[in-house]
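In: the sequence and its predicted three-dimensional model are supplied below.
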Amino acid sequence: MSVDRRSTVLALGTARYITMSLIALVLLLPLIWLVVSSLRPPADIFAHGSRLGWSMLIPDRLTLENYTSLLGTGFPRAVGNSLFVALTTMVVGVVVNAAAGFAFAVFDFRFKNVIFAFVLAAAMMPFEAIVIPLYILVQSLGLIDSYAALILPDLANGFVIFMFRQFFAGLPRELYEAARVDGASWGHIWLKIALPISWPVVLTGGIMLFMHQFEAFFWPLVATPSPEHTVVQVAIARNISLEGTEWGRLFSSTTLAGLVALVPFLLFQKFYIRNFVTSGLK
Amino acid sequence: MSDRASAPVAVSEAPRIARRRSSDPMQPRTLVLLAFLLPALAFLVLFRLTPIVIAIGGSLFTQNLAGETSFGGLTNFAQLFGDERFWNSLKVTLTFNIIINPLQIAIAFCYALLVMAPGKGVTFFRAAFFLPMTLSTGLTAVLWNIMLDSNLGPVNAILEGIGIGRQPFFLSEHQALGTMIAIATWKGCGYWMIFLLAGLYRIPGELYEAARIDGASRWHQLVHITLPQMRRPLAFVFVADTAINFLFFAPVYIITKGGPNGATDLLMFRAYENAFTFINWGRSLALSTIILVIIGVIAAIELRLFRDKEGAEA
């Protein structure tokens, strides 16, 4: 019986690893192919990259040509636009949402529950659902084709407010009371006491705001039509629809844009996943 | 204009909100409270609530050929309901969602179960399962559009090499929607895995201990302990996933433009085309309103479904 059981466990373990490996293969191979292709000379990309065999993944010639030739295109500008917009959203957004989260956690005011329910409803509603009426609104504000059009609608985030509220409400009230008795202003308490302690939420919320902005497609596509304000995601998508697409550059630019989103995730994945996920399930 | 009016209403209401307890040092003065609360609330009212008002209000106005707008009541909706393209789009959107949401959640659940128990290299697999998620939906579309290209794509080279033969994928009316579902699933499952994994770790270990003592099989444990305990995380993930997939847009815009022959003509793309290609704002806003209503209704149904079961259990 026990031998039988042990062999069952062993078989299950083996099956588990085989399944995991197969899934990982399906998920990773396209990404590896993308990166490898971006390092091939343009002439080789489809000559060798699409013939069944090892040449598909192992290039015979490596070059950074596809990356250096990006410099002469609108791509660097698009990267700059994306980073500027995403970083601004991140910094200002954290401040705005942390302040509101603090108010909901610490202050007592009329209609608090109703207003908080509104914040939660806003958190549940996906942004893309309102892109078209938002366009009409932003147009009437005269902001179409500006950085403000990309940044302003993305600053307040119901989910980030919620995360901050949960964190600040979990701190002992004596912390604030002691500071108040000492005569500290609320602004001081928030900036010098509450925010520094809440650094995991600052980090998680910041990454969320950054990623949402950096990966956005639909809104920047319509809100900033001119090349001057084009963001990375839209720039790459426009390249693909052009006649005579430069495949090499398409691979290198896609790789670079993917890397920008990957770096914050790799650096902070532990905090990000823990905070993001646990607050989502409460 | 009704959309402009809604923001100032919240502003003028706000000063009355703060309870005046000047003696209590734990209660802020009204101005302080507003300084904390107002920036975020004003942005939410302006950029979340106002667009909904605009969508509903604007859907009641129609345009003539000269571009002049006039109140048309439910004309836009009537025109939509009489339009075959709308019904096709609705059918495509519902088909897409009925398949993709359970599929993504089921696969994400399998991912989570696979990487839950510790073991050699599990951290690597967990990261690998999540990795496609860091590629944006737009970039996913760009990558797979090339991967699946009928002449130059490596997938077709492999299919030909192993004897299955080349497939048209996005170029075929019959394969395009399924291919969309496949690439979205390739990207999306790792994200939901993280949520489900957190839920799995919250299940008390004693439940499994007790079952093991009773000699319950692994399958029995999965069905009678894991699944009931996972109701809340599953409900959350289901609602969130549905909302995202109902708004599926970037791959349709980048790869198929709704084709071939309307096979991938999802509602969100319909709304986009009406607004920015046909410049028919009333109709586009009517579509936006319909999408908002559908998402709201489905979220309510899904939440109710999961809650009812929970109630029955208790």
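Out: Ah, there it is.

In: how close does B:E209 sit to B:I203?
Out: Plainly put, B:E209 is 12 Å away from B:I203 if you go by C-beta to C-beta, to the nearest Å. C-betas here are computed from N, CA, C, even on glycine.

In: give me the more crowded residue out of the two.
Out: Neighbour count, other C-beta atoms under 10 Å in any protein chain shown: between B:E209 and B:I203, B:I203 has more, with 16 against 10.

In: how far away is that one from chain A?
Out: Distance, B:I203 to chain A, by C-beta to the nearest C-beta, to the nearest Å: 12 Å.

In: give the contact list for that residue.
Out: B:225-226, B:229-230 (C-beta atoms under 8 Å, 6 or more residues apart in numbering or on different chains).

In: a strand runs through A:I193, doesn't it?
Out: No - according to DSSP: H, G, I helix; E, B strand; the rest coil, A:I193 belongs to no strand; its state is helix.

In: hang on, it packs against A:R180?
Out: No - the pair A:I193 and A:R180 does not pass the contact test of C-beta atoms under 8 Å, sitting 10.7 Å apart.

In: now do the strands in the stretch 51-200 of chain A.
Out: Using DSSP state E, counting those that start in this stretch, the stretch 51-200 of chain A contains no strands.

In: the stretch 1-150 of chain B now?
Out: B:61-63, B:69-71.

In: want to throw these into a markdown table with mean neighbour count, distance to chain A and mean pLDDT?
Out: A markdown table is the format used below for the strands of the stretch 1-150 of chain B (neighbours: other C-beta atoms under 10 Å in any protein chain shown; distance: least, C-beta to the nearest C-beta, whole Å; pLDDT from 0 to 100):
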| stretch | mean neighbour count | distance to chain A | mean pLDDT |
| --- | --- | --- | --- |
| strand B:61-63 | 17 | 11 | 81 |
| strand B:69-71 | 10 | 11 | 79 |
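
In: among those, which is nearest B:P132?
Out: The minimum distance between B:P132 and the strands of the stretch 1-150 of chain B falls on strand B:61-63, with 41.8 Å, by C-beta to C-beta.

In: off-centre distance for stretch B:126-141?
Out: 16 Å (C-alpha atoms, centre = their mean, to the nearest Å).

In: does chain A sit close to it?
Out: Yes - shown here: stretch B:126-141 in contact with chain A (C-beta under 8 Å from any C-beta of the partner chain) through B:127-129, B:131-132, B:134-139, B:141.

In: contacts only, for A:I151.
Out: Neighbours of A:I151 in contact, by C-beta under 8 Å, 6+ apart: A:85, A:88-89, A:92, A:213.

In: okay, which residue is most central for chain B?
Out: Nearest residue to the geometric centre of chain B (C-alpha atoms, centre = their mean): B:I244, 1.1 Å.

In: that one is in what secondary structure piece?
Out: Here B:I244 sits within helix B:231-246, counting by DSSP states H and E.

In: how about A:R5?
Out: Counting by DSSP H and E, the element that carries A:R5 is helix A:2-38.

In: and that helix, what's buried?
Out: Residues of helix A:2-38 classed as buried by neighbour count (16 or more other C-beta atoms under 10 Å in any protein chain shown): A:16-17, A:20, A:23-24, A:27, A:30-31, A:33-34, A:36-38.

In: who are the packing partners of it?
Out: Taking 3 or more C-beta pairs under 8 Å, 6 or more residues apart in numbering or on different chains; DSSP states H and E as contact, the helices and strands that helix A:2-38 lies on are helix A:44-49, helix A:247-281, helix B:84-116, helix B:122-130, helix B:137-147, helix B:176-202.

In: elements contacting the helix or strand following the last one?
Out: In other words, helix B:176-202. With elements assigned by DSSP H and E, the helix or strand that comes after helix B:176-202 is helix B:205-213. Using 3+ C-beta pairs under 8 Å, 6+ apart, the elements in contact with helix B:205-213 are helix B:218-221.

In: the helix or strand just after the helix it packs on: how far from the chain's middle?
Out: For helix B:218-221, the following helix or strand on the C-terminal side (DSSP H and E) is helix B:227-229. Chain-centre distance of helix B:227-229: 23 Å, with C-alpha atoms, centre = their mean.
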